[in-house]
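In: heads up, no residue letters with this:
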């Protein structure tokens with residue numbers, strides 16, 4: 001009898017788990033690209049703060065920008081260095 005209930009529970013639980021996972025999945029938002037040239041005294045944080053949307057987590061944005069631009073020391077940018085920053089669009093489709 002116990003085995004029967006386990007099978008019934010499994011038959012119900014598996015489709016529910018699949019449906020919940022499918023419903024919870026949100027495709028990644030298309031990112032908006034900004035290109036900026038670093039000036040003396042700029043940091044990755046300060047450049048990201050200028051273009052970040054309300055949808056961006058600053059820590060993630062700074063980390064992603066460092067990775068994409070191959071930057072090891074975010075506090076020491078070279079003046080004239082091109083920095084590409086990808087931000088999330090604001091809800092409602094507006095730009096940051």
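Out: That came through, no problem. From a predicted model like this one, the values you see are computed outputs, not experimental measurements.
In: ok, the residue lying closest to residue 31 once chain neighbours are set aside to residue 10 distance?
Out: Nearest non-adjacent residue to residue 31, counting by CB to CB, 6 or more residues apart in numbering: residue 86, 3.9 Å away. (Glycine included, C-beta is placed from N, CA and C.) As for residue 86, its distance to residue 10 is 42 Å (criterion: CB to CB, to the nearest Å).
In: looking at those two, which is more packed in?
Out: Between residue 86 and residue 10, residue 86 has the larger neighbour count (other CB atoms under 10 Å), namely 15 against 9.
In: tell me who's in contact with that one.
Out: Contact analysis of residue 86 by CB atoms under 8 Å, 6 or more residues apart in numbering lists 31-34, 64-65, 68.
In: what strands line up against whichever strand or helix holds it, and which way round?
Out: Taking DSSP states H and E as the criterion, residue 86 maps to strand 82-87. Partner strands for strand 82-87, per DSSP bridges, with pairing direction: strand 32-37 (antiparallel).
In: what comes up buried for the next helix or strand after the partner strand?
Out: As assigned by DSSP H and E, the chain's next helix or strand after strand 32-37 is helix 44-51. Judged by neighbour count using 16 or more other CB atoms under 10 Å, the buried positions of helix 44-51 are 44, 47-48, 51.
In: and for stretch 81-93?
Out: Neighbour counts over stretch 81-93 (16+ other CB under 10 Å) mark 83, 85, 87-89 as buried.
In: quick one: low-confidence parts of this protein?
Out: 1-2, 19-29, 92-96 (pLDDT under 70).
In: hmm, try it at 80
Out: 1-11, 13-29, 74-75, 91-96 (pLDDT under 80).
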